[in-house]
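> Sequence below, structure please.
(chains A and B)
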Amino acid sequence: MPTARVAELVAELAGERGREATFMEVCGTHTMAIARYGLRQLLPPGLRLVSGPGCPVCVTAIGDLDRVVALGRLPEVTLVTFGDLMRVPASRTTLARERATGADVRVVYSPRDAVELAAAEAERQVVFAGIGFETTAPTVAAAILEAQQRGLTNFSVLSLHKTMPLPLRLLMELGETPIDGFILPGHVSVITGTACYEFLADEFGVGGVVAGFEPDDVLEGLLMLLRQKQPRIEIGYRRAVRPEGNPVARALMERVFAPCDADWRGLGVIPGSGLALRAEYAQFDATARFAIEAGEPDEPKGCACGEVLRGVLDPAACPLFGVRCTPEDPVGACMVSSEGSCAARYRYRDVEEWL
Amino acid sequence: MSSGGDERVLLGHGSGGKLYRDLVRDVFVAAFANPVLERLDDAAALTTSGRIAFTTDSHVVQPLRFAGGDIGRLAVAGTVNDLATAAARPLALSAAFVIEEGFLLRDLRQICASMAAAAAEADVPIVTGDTKVVERGAADGLFITTTGVGEIVVEHELGAGTVRPGDEVLLSGTIGDHALAVLAARGEFKFTADVASDMAPLWGLVSLALEAAGDGVRFLRDPTRGGLTTVLAELAESARLGVEVEEAAIPVSAAVRSVCDLLGYDPLVLANEGKMVLVVAPERAAEVLAAVQSHPLGRQAQRIGAITGDHPGRVVLRTSFGTRRVLDMPVGELLPRIC
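Here you go, the predicted structure:
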C-alpha cells in the first residue's frame, strides 16, 4: 500500500475513535525515523506520538556517566565506547573533552573491536563502556567470551546494560501520561521476542505493535494499533522479528550477565532492570578490577530529560530546548545522542514549528 | 636515489641539504615536470591578465589511499574545485608536504604520480612547493597543503548575495560517495561496500556551465565537509532567502543509500569531492543543466530545488511522502579526517 494511503487510513481510523489517542514509540530509532520523515505531519490532530525511554545513552544515569569518565581518567586505561557517548554531558565534563585533555578514549562500532584493541595493545587496560539494551548486550557477551578464549587479561567491561520491559511496566504504574498503545522496539524485539510485552495487554489493557524503521513500517504500526479491537501485542516488523525472538542470543546474554538493579535517568533505580557480569566472569568486570571514584553526581540545572524520557514533557516544551540546550551545546543527553528525542525534534524541526 | 623497495623518508630529507635536493629532484620535479617548477626558484613567476582567485586547502585524509584514489588526487581536486567555485580557470598550484619520518618513498612517488595525473586532467601545472619532514609520531604519514591561483573567466559577480527568489538549484551528480569510500577504507564497516570516492577536478564541467549561461550562473559551491545540507544552509543564511529541495530529485547511488540505511548516516551531510552545486537564473537553468549533463562528470546532474522568498535563512526538504522538514547544519565531529 502506498505511504499516502496508509496515512489516510490512519487518519480515518483515528477519526472514528472519536477521542484522542496517545501512542508511545519506545525506541530511539523510531523517534529518529518519525522526526526525519516528518511523519507527525501526516497524522490527524487527535493522534499524538510521544517518545519513551528507549535511547540507551539518554537513559544512562549521570552518576554512571561519571563512572565512565572516572575510568577514562585512570592512566593505565584505554576507554572504548560507541561514538554516541562522546559528547553526552556527565556531571562536569564529556568524554570528548576528556580526550582533548589527554584521556585515551577510542570509538568503535563493535565490542569485538575493543577485544582486538586489547590483543594489539597488551600494555594497556582496555575497558569497554557497555551501554545498550538487549540488542547490544549479546554482542558484548560474545566479546567477553572471545576475550576469555584468547586469554586476554587486559580487557574488561563496565556493564551499564539495561533491559526493556521493566521500564514500560513502571511507566504504566506511574500513570503520568495516558498511553493508549505502544510502538514497540524493532531491534530489541528481534532478540527478546514478544512474550515479555504481554503484560501490557493483560495487566494494563494497552496494546503494542513491534514496528520496523521505514516510514511505511511506522505508519503500518500505527494502523495496526488503531485496528485492534482488543488490546494485544502484535508484530508488524515480520521480516525481522519472530514471537520467540532469538533464543541463541538470549542464551549468550544469560550465560555472561545476570539481572541487577539499574539506575535510569528519569525513572530512578528499577530493580532487576540491568545486566551485571556473573561472578564467573568477574575478571572481565571493570567494577571488580578498578577502584572507580566518581564523586557526587551533579544533575544539570533545569534539565528536563527525565520528564522527556517518561513521555510527560514534549521535548519542545522544555524551557531549555533550543535556547540553552542545543546539539552544539547540549545540557542533557536527550539533545546529543543520535537517538535522543530532543535531538530528533531539534534536528528535524517541523517546518511549521520552526518557520 | 633508487626508485623503489623499502626506502624511506628520513629526517635528513627535510634538512635542506643534499638529501633534500635529491628528494625534490627525483620525486617532485620528476612527477610534476614543468618549466616553471624545474627552475627550482624560491617563488614561481606567473603571468595573468585580469582578476585572479586564490585558495588554499590542507589535506589530512586517513587512510591515504581508498577506492577512487588517494590523498594526492584529493589535494589537486579539492583546490581546483575551490577555484572553480569562483568561476576561475586554474592557472597554477603549489604543493606543500609534511612527511612523517619513515614514510615509504614508493608510496610518496605513487601519491605524486596521482597528483600529476589529476593536475593534467585539470590542465594545471604544479609550479612550486615545499617539503618538511617531522620525527616519527609528530604527523600521521603525510599531510599535503595545496594552494591554487586561477583566472576568473566571467565579468559578473558570483555569490550568495546575487541569488534571487525563483533561481533554480542544480546538483552535478550523486552525493555521499567520497565519505563512504574513506570510511570503507578505514575498515569501519564489517562488510564490503561497493562505493568509490567521486573526487575529480571540476573545472571542465563548470566551464561548460559558464559558457552555456554566462551571467545566469549566480552561485557555485562544492559540497565537501558537511555535505549538501551545509552548502544549502550556508547559502540560505548568507542570501537571507529560503531554499526548497525535493528529496526524490537528489541523486544517491543504491550502494550509498544502503550503507546509509545500515549505519544510520544521512547522505545529505556526507562529504563529496567531485560534485558542484549551481544556482542558476530560472530562464537559463535548462541550458545549464544540459551543459552539465553533457560533461562526463555531470551525467547524473539534476535540478534539485529552487530559491524562495519564503522562510528566509532556512532550507526545507520535501520528502517523497509529501512531508516537509528543515535541513540544518550537522554538529560536531561527524567523520574526522575525511579530506
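
> When you work out contacts or count neighbours from here on, use the C-alpha atoms and nothing else.
Fine.

> domain ranges for chain A?
A:3-51+A:164-235, A:62-163+A:246-289 (automatic domain parsing).

> Tell me which residue is most central in chain B.
residue B:78 (3.1 Å; C-alpha atoms, centre = their mean).

> can you give me phi and psi for that one?
Torsion angles at residue B:78 (phi, psi; degrees, to the nearest 10) stand at phi -60, psi -40.

> And it, what's its pLDDT?
Listed pLDDT for residue B:78 reads 97.

> Let me know which of the domains of chain A is the nearest to residue B:280.
domain A:3-51+A:164-235 (28.4 Å; C-alpha to C-alpha).

> how long is that closest one end to end?
One end of domain A:3-51+A:164-235 sits 19 Å from the other (C-alpha to C-alpha, to the nearest Å).

> That domain vs chain B: in contact?
Yes. Domain A:3-51+A:164-235 reaches chain B (C-alpha under 8 Å from any C-alpha of the partner chain) through A:3, A:4, A:36, A:37, A:38, A:39, A:41, A:42.

> give me the number of residues near the third one?
The one in question is residue A:36. 24 (other C-alpha atoms under 10 Å in any protein chain shown).

> Same question for the fourth one.
Per other C-alpha under 10 Å, the neighbour tally for residue A:37 reads 23.

> close enough to count as contact, it and residue B:319?
Yes. Between residue A:37 and residue B:319 there is a contact under C-alpha atoms under 8 Å: 6.7 Å.

> Now the common contact residues for the two.
With contacts defined as C-alpha atoms under 8 Å, 6 or more residues apart in numbering or on different chains, the residues shared by residue A:37 and residue B:319 are residue B:325.

> are any of the residues of domain A:3-51+A:164-235 next to chain B buried, and which?
Buried members of these, counted by 16 or more other C-alpha atoms under 10 Å in any protein chain shown: A:3, A:36, A:37, A:38, A:39, A:41, A:42.

> Next up, the contacts around the residue of the stretch 1-150 of chain A at minimum distance from chain B.
Nearest residue of the stretch 1-150 of chain A to chain B: residue A:38, at 5.5 Å (C-alpha to the nearest C-alpha). Contacts for residue A:38 (C-alpha under 8 Å, 6+ apart) come out as A:348, A:350, B:323, B:324, B:325.

> can you rerun that using 10 Å?
A:32, A:215, A:345, A:348-351, B:318-319, B:321-326 (C-alpha atoms under 10 Å, 6 or more residues apart in numbering or on different chains).

> now swap in residue A:130 and tell me
Contacts of residue A:130 (C-alpha under 10 Å, 6+ apart): A:68, A:80-82, A:111, A:136-137, A:139-141, A:156-162, A:275.

> List the buried residues of the worst-scoring helix or strand of chain B on mean pLDDT.
Within chain B, confidence by mean pLDDT, DSSP states H and E is lowest for helix B:254-263 among all helices and strands, at a mean of 88. Buried residues in helix B:254-263, counting neighbours by 16+ other C-alpha under 10 Å, are found at B:255, B:256, B:257, B:259, B:260.
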